[in-house]
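This is a predicted model, with the sequence first.
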Amino acid sequence: MTMNTGHEIREAIARGEVSAVEATETALAAIAATERRLQAYLQVTPERALARAKEIDAAIARGQDLGLLAGVPVAVKDLFCTQGVRTTAGSKILENFVPPYSATVVRRLEAQGAIIVGKTNMDEFAMGSSCENSAFKATRNPWSTEDVPGGSSGGSAATVGARCVPIALGTDTGGSIREPASFCGVVGVKPTYGRVSRYGIVAFASSLDQAGPMTVDVRDSADALEAIAGFDPMDSTSANVDVPHYAAQLRNDLKGIRVGIVSEFEESIAPDAAMHALYKRAYEDLRALGAELVDVSLPHSKYGLATYYLIAPAEASSNLARYDGARYGLRVDGPDVFSMFDETRAAGFGPEVKRRIILGTYALSSGYYDAYYVRAQKVRTLMKKDFDEAFARCDVIACPAVSCPPFQLGAKSQDPVAMYLMDFFTIPMSLAGVPAMSVPAGYVDDLPVGLQLVAPAFEEGRMFGVAHAYEQATRHAWARTPIVYAGDGHAA
Amino acid sequence: MSKVIGAPADTEAVIGLEVHVELLTASKMFCGCRNAFGAPPNTLVCPVCLGMPGSLPVANAKAVEYLCKAGMALGCTIAEYSKFDRKNYFYPDMPKNYQISQYDMPLTTGGSVTLPSGKRVNLTRIHLEEDTGKNVHAGESIARSAYTLVDYNRAGVPLMEIVSEPEISSAREAEEYLAELKAVMSYIGVSDVKMHEGSLRCDANVSIRPAGARELGTKVEIKNLNSFRSVGRAIEYEIERMRACVREGERIVQETRGWDEGSGTTHSMRSKELAHDYRYFPDPDLVPLELGRALLSRWRTELPELPAAKRTRYVRDFGLSEYDAGVLTSERSDADFFEAVAAASGNPKQAANWMMGDVRKVLDRAEMTLASARGRPEQVAALITLVANGTISGKAAKEVIESVMIDGRQPADVVAERGLAQTSDAGAVAAFVDQALHANADSVASYKAGKEKAFEFLVGQVMKLSRGKANVEMVRGLLKERLG
Amino acid sequence: MPEVPIDIAHVAKLARLPLSAEEAERFSSQFGRLFEFIRELQALDVEHVHPTAQVIPLHNVLRTDEVRPCLDHEAAIQNAPATEGPYFKMPRILE
C-alpha cells in the first residue's frame, strides 16, 4: 500500500503525474477495502467526490492556479454541515438532516481544491472519547480492530490512521482531536480558540469547540490549517488575526527552542512505566534536536476535569435545546407540542448526551449557577493564567496527549468518569484556548501513542515547527503498517 | 398617586409596563435576513434565524446604535460594558429554544418618560434581544386548535425591551406613557412603532394597594395588549377585578393573565409549566460590547430635537398653546411639515391652525397622511400668504386647500382657475356697498336703531353681490363709514 | 456512593428530557463520582477572580446592517418533519 500525503498528491497533480480523479479513486478504493473492518464513515460520497475531482482536473487543464489542497481527498467529521449531504452529528435526532448550507471550513477546503469523500463517524454530538457513543456504529482502531479509535473524532482519526485519506477534519472540545490522533497514530491539531470559524459546525460547547486537521504528517496539518483558518464574518468569535504560511515555519532542528515540561503531568504519568518511558524518550529526542528542556507548572490543571464538566455540559444543554422535532430532524409525535418535544428528545438522544444535558442544565439552574457555572469560569481564568506564566518560561510545552494507549471496545463504556479522565491531559489547553496538537511518539503494546505539543495563542506556526522537527527525526508514523491492512487482501 | 376611579377612596393602583419595540433595521438582529412585516410565511429565514445546527449569531451594529439612541433620548445611562445572555426556555416559536437577550448587564439603565402632567415615570432598563416567530392557529384559540402552524419570519427581528419602574398609577397614565414612548421612538427613527403590526407590544404589571402604603400588592402580569386602547381597557378591567377580589375577601393570585379584546376581560393563563427557571448565562457565541465614549458622543450628536424640546420651543417661540404644541409634535414628520410651513409663511400661528384644522380635515377625508399627500409645506405656506396679503378670503382658502394637499396643485393656480381672487379695488367695492345699502333700506334702519345683527346681514349682502370676491375687510370698513 | 445534590426529576423537566427510572438512577450514581471532582473546586478561593466566559479578548464584533439573501422557502422547510402550506406544522400548544 502506498499512501501519499496530501502535499505529495498535490505535487504529483501539479507535475501532471496523477489526476484529481485518480487520487480520489485511490482514496475511495482504500475506503472500500477497509470500511467493513474499520466502520469509519457514516456516509461515503463517491459521486459527489468524483464530480468535484473532475471539476478540479478541468480547472487545472484550463491553467488555473492550484489551490493549497488541489485534488487532495479529505474526509470530514459528520458534524460539519455539508449542503445537500446528510449531517447527523452521530445522533439519531439528526439522522435525516440535510443541511441547506455548508460550514465555512467545508467551503474553504473546497475553495482550495480539496475533494470531500465522506462524512466520518463520531461520538454523538462530539461527546465521548471512544467513538462508541455514536448512535450508528462503533469505529475500530486501524492498528487493532478490537480497540477503539478514540473520540469524539474517531472516524476521522481512523480513516487517516488507516491511510485511506491523507487529511480529515475533526473537532476538539476537550481533546476530541488530540486523543483519537494519539490512538490512531496520526497528527491531530486543535487550533487556538477563534483561529478557525465555527460557522456550520454542529455545536457542542461553543466557548471550547474548535475544528482542526488530522493528518498523516505535520506538513499536511500545516497546509490544511492554513486553508481553513482565519476570520469569518459569520462567526463573532473568530479572530481577525492574519494566517501565516505555516509550511514556511516548519523546522528541522530545535536549536534555541525552550520546551516546557509540565511537572504536574509528569507526576500523573509516572505510575505507568511504559507510558512514562515513552514520553521520557520523546523529551530526550527533543533535546537531541537542540531544544532546551525547562520545567513549568500548571498548578490548576488538576481542576481541569471538574471545570470542563461544568462548562461544556452547561453550554451543551443550551446548544442542544433546539433539537425538539419542530423544524428538522427526528420527531416523535405527541398529543401537544410539549409532549412532542419531550418524546422526541427522550428518543433522539443517547445516554451520554442525556447525561451531559442533565448535568449542564443543573449547573445553570437557579440556586446553583454561581456555585457551579460561575465558579468554573473563575477557575478557567486561573487556568489561563497558568499557561501565560508557563509560556513566560518556554516557547512550547511538550506533555502527554493521553494517559494510555488505545483500549478495547466496551472497556470503559459503562464508566463515564473513567472515560472523562481520558481527556485529563487535553482539557486544560481547551479551557485556556491555546493551540495544542498530538504528534505520533511511538508505540506502547504495539499501539500508537501521541506526544502533545502546546503553544501560546495564535502561535500554531511555532508548534508546527517543533512538531515537524520531531516527526522528521523520529518518523514513528512510518515505522509500522496499520493492522487493518492485514487479512483483507489489501495489505501493502 | 391618583385615585382609582370608582374604587374605594383608599385604594391606589401601581402599574409597571414592559414595552417591546421592534427596531427598524434593514436586516435582523443576528443574521442578514430582511427585517420586514407581512412577507409570505417562512420566506425571510436562514439557517441562523431558523436555529439550524451549526449556525451562529453576529450582532447587528445598527440595532445596538438604535437602542443606545433610544436610551439617550430617554435620558438613560449607556453601559460601558454590556453583553448578551441566553434565556433558556422551550417554546415552538423560538427556533433555538433559547432567546438571545440581556440579563444582568443591559445596554442601558435608568432614564425616564415624562407624562403631559409633568410626572416622570422612571425606567429600570432597556435591553436588546431577538423577537420570536409567530404561531398561527386554526380556530378561535391556540388551545382549541388541533395543531400549530409556525412562521419564523419574525424570529430574530431586533427588539428592545423598555422596562418601567412601577410608578404608573392609572390606565390613562399608561396610555400617556406609551404615547410619549411612541413619539420618542418615531422621532429618532428607530422604530415604526405600529402596535397593530406588533412593532410595539406591551405587557402590564398591575397591582393595587391601600393608598399611601409603601409595599406593593400582589402583582398580575397582563399579556396580549396590542393597541393603546387595549392597554388602557385591560388595566382598567384588571384594577376593577382586583378591587372586587379585595371586596369579596378573596386573595389576589400572582399570575399571568391574557387580555381578550372581544370580551374586554382578562383570563388566567394557567401554565402547566413549572415555575420558570430561565438559566441565563452569557452567550458564548457572542462577545461583549464596550462602545466607548467617542462612538457614544457621536451618536448623541446625531439625535434629532425630541418632542419635549420641540413643545417647549413651540410655546416659547411661536406662542402656541401647550395643547397645540403637543398635537403638532406627536409625530416627527408632522412636526417637520409644520415647521417648514411656519418658516415659509413666516406665520407660525396660522401654520398651526391650518395644520391642525383644514389640512388635517382634508387628509382624513381622503384617508391620507402628510407623507402620502402630494401637497408640500411651501404650497401650504403660499396659501397662508395669499390670505394674509388679502389676495383671497379665508373662506376661499378653505376651498383651495383640498386641491393643494391631495392633488399637489399650486394655490395661485387654483385661485386663478376658479376666479377666487378678492376684489380690493376701492371703487368696485364701494359700488357693491352702495348697491346693497340702497336695496336694503330696512336693514339700514334696523342697524341705526341699534340692531347690531343688521350689520352682518349687510356685509353678507355685499359679498353676495360681489359673488364673494369683495375683500371683506374693505367691505366692513366702507359699511361702517357709510352707516356711521 | 457519595451524595449527589441533583434533583434529577426537576432538572429533567427543565431540560425537556424525560428519563426512565432506570436512567435517572444510573445517572445519579454516575454523577456521584464526578461530584468528587467538582467538590474540589469548591475548596478553591476564587473570590477575587474574574470569570472567563470567552478566552479570546474580543469585543464589539458587529455586522453592518445589510440584507443578505435568505434561504429559498423550499430549502427552509425541506427538513421539517411536518408542514402545512408554507408553515412548519406541529401539535397544538396547550397553555
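Yes, it's here.

show me where pLDDT drops low in chain C?
Low-confidence segments of chain C (pLDDT under 70): C:1-4, C:95.

Please enumerate the helices of it.
Using DSSP state H, the helices found in chain C span residues C:8-14, C:21-43, C:73-77.

go on, the stretch 151-300 of chain A?
In the stretch 151-300 of chain A, the segments counted as helices under DSSP state H, counting those that start in this stretch are A:154-161, A:178-184, A:218-228, A:263-269, A:273-288.

Chain C is nearest to which of those helices?
helix A:263-269 (14.1 Å; C-beta to the nearest C-beta). For glycine as for every other residue, the C-beta is placed from the backbone atoms N, C-alpha and C.

and that closest one, is it in reach of chain C?
No. Helix A:263-269 does not reach chain C (C-beta under 8 Å from any C-beta of the partner chain); its nearest approach is 14.1 Å.

circling back to that earlier point, mean pLDDT, mean neighbour count and distance to A:R37 for the helices of the stretch 151-300 of chain A - can I get that in TSV?
Below are the helices of the stretch 151-300 of chain A laid out as TSV (pLDDT from 0 to 100; neighbours: other C-beta atoms under 10 Å in any protein chain shown; distance: least, C-beta to C-beta, whole Å):
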stretch	mean pLDDT	mean neighbour count	distance to A:R37
helix A:154-161	98	35	10
helix A:178-184	98	35	14
helix A:218-228	98	27	24
helix A:263-269	97	17	31
helix A:273-288	98	17	27
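
Nearest to A:L382, out of those?
Proximity to A:L382 (C-beta to C-beta) singles out helix A:263-269 among the helices of the stretch 151-300 of chain A, at 13.7 Å.

What about chain C, which residue is the most distant from its middle?
Distance from the C-alpha centroid of chain C peaks at C:G85, with 31.1 Å (C-alpha atoms, centre = their mean).

got a list of what it touches?
Going by C-beta atoms under 8 Å, 6 or more residues apart in numbering or on different chains, C:G85 touches B:P41, B:L149.

if we can go back for a sec, out of the helices of the stretch 151-300 of chain A, nearest to chain B?
Judging the helices of the stretch 151-300 of chain A by C-beta to the nearest C-beta, what sits closest to chain B is helix A:218-228, at 14.7 Å.

which helices and strands sit right next to that closest one?
Judged by 3 or more C-beta pairs under 8 Å, 6 or more residues apart in numbering or on different chains; DSSP states H and E, the packing partners of helix A:218-228 are helix A:6-14, helix A:104-111, strand A:167-172, strand A:187-190, strand A:210-215, helix A:460-474.

JSON lines please, covering the helices of chain C and showing mean neighbour count.
Output for the helices of chain C, formatted as JSON lines (neighbours: other C-beta atoms under 10 Å in any protein chain shown):
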{"stretch": "helix C:8-14", "mean neighbour count": "19"}
{"stretch": "helix C:21-43", "mean neighbour count": "16"}
{"stretch": "helix C:73-77", "mean neighbour count": "18"}
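
Number of residues surrounding B:E255?
Other residues near B:E255 come to 14 when the count uses other C-beta atoms under 10 Å in any protein chain shown.

Quick check: bridge partners of it?
For B:E255, the beta-bridge partners are B:V220 (DSSP bridges).

what residues are up against it?
Shown in contact with B:E255 (C-beta under 8 Å, 6+ apart): B:V220, B:E221, B:S268, B:M269, B:R270.

Which residues does the helix or strand bottoming out on mean pLDDT in chain A contact?
The helix or strand of chain A with the lowest confidence, counting by mean pLDDT, DSSP states H and E, is helix A:416-420 at a mean of 91. Under the criterion C-beta under 8 Å, 6+ apart, residues A:128-130, A:305, A:309, A:352, A:355, A:412-413, C:30, C:33-34, C:37 lie in contact with helix A:416-420.

Around the residue of the stretch 101-250 of chain B found nearest chain A, how many other residues sit close by?
Using C-beta to the nearest C-beta, the closest approach of the stretch 101-250 of chain B to chain A is made by B:T148 at 6.0 Å. B:T148: 23 surrounding residues under other C-beta under 10 Å.

what does B:R365 give?
B:R365 has 10 neighbours, counted by other C-beta under 10 Å.

Turn the helices of chain C into TSV, including distance to A:P271.
Below are the helices of chain C laid out as TSV (distance: least, C-beta to C-beta, whole Å):
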stretch	distance to A:P271
helix C:8-14	35
helix C:21-43	19
helix C:73-77	55
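
In chain C, which residue is most central in space?
In chain C, the residue lying closest to the centroid (C-alpha atoms, centre = their mean) is C:A15, at 7.3 Å.

Hmm, A:T361 and that one touching each other?
Yes. Applying C-beta atoms under 8 Å, one finds C:A15 in contact with A:T361, separated by 4.2 Å.

joint contacts of the two?
By C-beta under 8 Å, 6+ apart, C:A15 and A:T361 have these common neighbours: A:S317.

ok now do C:A15, which residues does it touch?
Counted by C-beta under 8 Å, 6+ apart, C:A15 has contacts A:S317, A:A321, A:R345, A:I357, A:I358, A:T361.

got the residues of chain C near chain B?
By the rule C-beta under 8 Å from any C-beta, the part of chain C lying against chain B is C:10, C:13-14, C:16, C:53-54, C:56, C:58-71, C:73, C:76-77, C:84-95.

Show only the entries of those residues found in strands.
Mapping the residues of chain C next to chain B onto strands (DSSP state E) picks out C:L62, C:R63, C:E84, C:Y87, C:F88, C:K89, C:M90, C:P91.

Around A:E389, how many other residues sit close by?
By other C-beta under 10 Å, the residues close to A:E389 number 13.

hmm, who's touching the helix or strand where it lies?
For A:E389, the element it lies in under DSSP states H and E is helix A:375-391. The contact list for helix A:375-391 (C-beta under 8 Å, 6+ apart) reads A:260, A:262, A:296-301, A:303-304, A:306-307, A:310-311, A:314, A:363, A:397, A:428-429, A:431-434, A:454-456, C:41-42, C:44, C:46, C:49-53, C:55.

Return the set of buried residues in it.
A:375-384, A:386-387, A:390-391 (16 or more other C-beta atoms under 10 Å in any protein chain shown).

quick one: which of the residues you listed is nearest to chain B?
Distance to chain B, by C-beta to the nearest C-beta, is smallest for A:Q377 among the buried residues of helix A:375-391, at 8.6 Å.

for B:I235, what are its contacts?
B:A13, B:I15, B:S170, B:A171, B:A174, B:A204, B:V206, B:I222.

among these, who's most crowded?
Neighbour counts for the contacts of B:I235 (other C-beta under 10 Å) peak at B:V206, which has 30 neighbours.

what about that residue, which SS state?
Here B:V206 is recorded as strand under DSSP: H, G, I helix; E, B strand; the rest coil.

how far away is it from chain C?
As judged by C-beta to the nearest C-beta, to the nearest Å, B:V206 and chain C stand 20 Å apart.

what about that residue, distance to B:N224?
Distance, B:V206 to B:N224, using C-beta to C-beta, to the nearest Å: 14 Å.

Can you name the residue of the stretch 301-450 of chain B nearest to chain C?
Across the stretch 301-450 of chain B, the shortest distance to chain C (C-beta to the nearest C-beta) belongs to B:E302, at 15.0 Å.

Quick one: neighbours of B:D85, just the number.
By other C-beta under 10 Å, 24 other residues sit near B:D85.

and what of B:D442?
Around B:D442 there are 10 other residues, counting by other C-beta under 10 Å.

Could you check how far it is from B:L465?
B:D442 is 17 Å from B:L465, where distance means C-beta to C-beta.

Residue 434 - how many residues pack around it?
Went with chain A since none was named. 27.

Actually, chain B is the one I wanted.
Neighbours of B:D434 using other C-beta under 10 Å come to 13.

residue contacts, the residue in the stretch 1-150 of chain B that chain C sits nearest to?
Per C-beta to the nearest C-beta, B:G32 is where the stretch 1-150 of chain B lies closest to chain C, at 2.8 Å. Listed by C-beta under 8 Å, 6+ apart, the contact set of B:G32 reads B:C46, C:R63, C:E66, C:V67, C:R68, C:P69.
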